[in-house]
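In: Just to be clear, the model below is a prediction. Sequence and coordinates:
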Amino acid sequence: MFGYDYRSRNEHDYDTYGLGVPLLPPATANQATTFKIDKDYTTDFVTYGYLINQRFDWGDLAGISAGFRSDYSSAFGSGSKPFTFPRGDAFVRISGFNFWDGSGVSKAILDWKLRGLMAKRAFNLSRSTGFQR
C-alpha cells in the first residue's frame, strides 16, 4: 500500500478587547474608551508526506505487517529533513491451531488471538505557538 498526504493552511488569530464600556445596556464596542489588540498572529503551514505499508497473512492463523511514514513540515523550518516513523505489527491466532480443538481451554475461551505492535510516533505541535527551536 502507498499513500500520500498534502495539507496547506493559513492560520489567522486576531484578538481585541475594549475598556471603559458603560454599564447600562445595550453596550457595544463603539462605546469603549480604549481599544487593545491582544494578538495579531498569521502563519502559513504546509505538511506533506507519504506512507508505505505491506501486510502478509497466512489464512486466519498469523500475519505480519511493516511500513513507515515520512513527513515534511514547514513547522520545522526551511531546509529540514523529513521525519520518518517506522511501524510494524503481528498476530497469531492460537485458537486456530489443531491442538486447540478438543482441549479443555477451548470450552472456556472460544477464540484467542495474540497481537503485538511497534511504532514510533511524532510529538504534537501546538497550533498556537508552533515549533520552538
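Out: Thanks, I have the structure now. Predicted model, so just to flag it, every value in this text is computed and none were measured.

In: Next secondary structure after the lowest-mean-pLDDT helix or strand in the chain?
Out: Averaged element by element with mean pLDDT, DSSP states H and E, the chain has its least confident helix or strand at helix 104-108 (a mean of 81). Next in sequence after helix 104-108, counting helices and strands by DSSP states H and E, comes strand 113-119.

In: Give me the contact list for that next one.
Out: With CB atoms under 8 Å, 6 or more residues apart in numbering as the test, strand 113-119 has contacts from 85-95. For the C-beta atoms, the positions are set from N, CA and C on the backbone; glycine is no exception.

In: for stretch 50-60, same thing?
Out: Around stretch 50-60, the neighbours that count as contacts under CB under 8 Å, 6+ apart are 1-5, 63-70, 87, 93, 96.

In: Show residues contacting stretch 25-36.
Out: Contacts of stretch 25-36 from elsewhere in the structure, counted by CB under 8 Å, 6+ apart, are 16-22.

In: For the residues you listed, please prepare TSV with the additional fields distance to residue 53, secondary structure and pLDDT.
Out: Formatted as TSV, those follow (distance: CB to CB, whole Å; DSSP: H, G, I helix; E, B strand; the rest coil; pLDDT from 0 to 100):
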residue	distance to residue 53	secondary structure	pLDDT
16	47	strand	89
17	49	strand	88
18	54	strand	87
19	56	strand	89
20	60	coil	87
21	57	coil	85
22	63	coil	85
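
In: Quick one: classify the residue lying farthest from the centre of the chain as helix, strand or coil.
Out: Taking CA atoms, centre = their mean, the residue of the chain most remote from its mean C-alpha position is residue 24, at 47.9 Å. Reducing the assignment to helix, strand or coil with DSSP: H, G, I helix; E, B strand; the rest coil, the entry for residue 24 is coil.
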